[in-house]
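Trainee: dropping the sequence and predicted coords here.
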Protein chains: 2
Amino acid sequence: MSSHVGYLTIRLAGLAKESFERAIEPLGLRPALYDVLAVVAELGPESQRDLAAVLGIDPARVVALVDELESSGLAERRVDPDDRRRRVVAPTRRGRDVHGRALRAARLVEADLLDALTPAERTALRDLLRRTVA
Amino acid sequence: MSSHVGYLTIRLAGLAKESFERAIEPLGLRPALYDVLAVVAELGPESQRDLAAVLGIDPARVVALVDELESSGLAERRVDPDDRRRRVVAPTRRGRDVHGRALRAARLVEADLLDALTPAERTALRDLLRRTVA
DNA sequence: TATTGTTATACTCTATAACTATA
DNA sequence: TATAGTTATAGAGTATAACAATA
C-alpha cells in the first residue's frame, strides 16, 4: 500500500517476529520469555528489578515471566543472602542450552529474512537501521 | 543489546508505531482506525468484506472499527442497492479531511524518524526494506 | 520510611464461533 | 445453500495499584 519507511519497517518487523515465534516455539519459548532468558544467560544472574530495568518492562511482568522460566526448568530464583528481599534469577544448565538453540534458530530466521539481499546489502541495511534507532 | 536486523527492525517498528500513535491521537485515531480510513479514502468505498481482505484482518474486526469511524463521523455505511447484504463504507467529508491531516502527521513522523540519515541514505533504506518485505 | 517482589484487577486487542439477513 | 454482516465469548498481553516481606 504505502512505501514509507515507517510502514515498511512495521511490516518487516511483523514478518520477523512471526518467523522468530515459530522458530522458538518448539523450544517452549515466546519472545518475552526469550528476552528474559537471553539477559540472564548473556549478562549473568540479575535481580528481578534489574531485569525489568534492562528489558524496559514493569517489575510486575517479570514475576510471571520468571515463574514460567522456572516451572519449565530454564531458570531459577535464588534469594540474595546480602539482601533477602532480592531474588537473583540465574539460568539452569538446560536454560543455557535452550538459549544457545534459540540463538541459532534466530540466525536462521535472519538469513531467511534477508534472502533477497546480497551480503553487502545486508551489511548496509544493518548499518542504516542501527544508525536510525540509535 | 543485539544488532541483528530482525531485532533492530522490531525496535525501529516500535518507535515508529509509538510516534505515529502520538501523532494521530489528537485526530481521534488509532493505527487500526487509520488503516481502515486510509483504504476507504484512498481506494474509494469498499464493502466490509473487501476491507477485511485488503487489510488482512478478520471481517468481524472490521465491524467494530467501522462502528467507531461511523460514531465519530469519519465514515458511513451505505447499503448496496444491488446486494442488500453488503454495506459499502465511504469516508465523510470530515473523514477525508482527517485522513489528510493524518497523512501529513505521518510524513512528519517519518522525517523525524530518519533524522540521522542523509536523503540518499533514506532512499537506500527504503529500497532495501522494500526488497526485503517483497 | 523505602524497596523488592507478589498478587489482584482491569483494560486492550484479537480470534473464534454462533447468529441474522439477504442472496 | 451460501454469503455479508453482526454479536458474544474467551484468550493473550499488559498496565496499575494494593499488599507482604525485608531493609
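Mentor: Structure's in. What do you need?

Trainee: going by C-alpha atoms from here, please, whenever you check contacts or count neighbours.
Mentor: Noted.

Trainee: just the pLDDT for the most centrally placed residue in chain A.
Mentor: With distances taken as C-alpha atoms, centre = their mean, the residue of chain A nearest its centroid is residue A:35 (2.9 Å). For residue A:35, the pLDDT comes out at 97.

Trainee: residues in contact with it?
Mentor: residue A:55 (C-alpha atoms under 8 Å, 6 or more residues apart in numbering or on different chains).

Trainee: could you do residue A:30 as well?
Mentor: A:21, A:24.

Trainee: run the chain-centre distance for the helix or strand hosting residue A:120.
Mentor: Secondary structure from DSSP states H and E places residue A:120 in helix A:119-133. Counting by C-alpha atoms, centre = their mean, to the nearest Å, helix A:119-133 is centred 20 Å from the centre of its parent chain.

Trainee: and that helix, anywhere near chain B?
Mentor: Yes - if you take C-alpha under 8 Å from any C-alpha of the partner chain as the test, helix A:119-133 does meet chain B, through A:121, A:125-126, A:128-133.

Trainee: same check, this time on stretch A:45-61
Mentor: No - figure legend: stretch A:45-61 not in contact with chain B (C-alpha under 8 Å from any C-alpha); closest approach 9.6 Å.

Trainee: export that stretch as CSV, just CAs?
Mentor: Coordinates of each C-alpha in stretch A:45-61 appear next as CSV, following Å, rounded to 0.1, in the frame of the first residue of the first chain:
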residue,chain,number,x,y,z
PRO,A,45,22.3,-13.5,37.0
GLU,A,46,20.2,-10.4,37.7
SER,A,47,17.7,-9.4,40.3
GLN,A,48,14.1,-9.1,39.0
ARG,A,49,14.2,-5.4,39.4
ASP,A,50,17.4,-5.1,37.3
LEU,A,51,15.8,-7.4,34.7
ALA,A,52,12.8,-5.1,34.5
ALA,A,53,15.1,-2.1,34.0
VAL,A,54,17.3,-3.8,31.4
LEU,A,55,14.2,-5.0,29.5
GLY,A,56,12.3,-1.8,29.8
ILE,A,57,9.3,-3.5,31.3
ASP,A,58,7.4,-3.4,34.6
PRO,A,59,8.8,-5.4,37.5
ALA,A,60,5.3,-7.0,37.9
ARG,A,61,5.6,-8.5,34.4
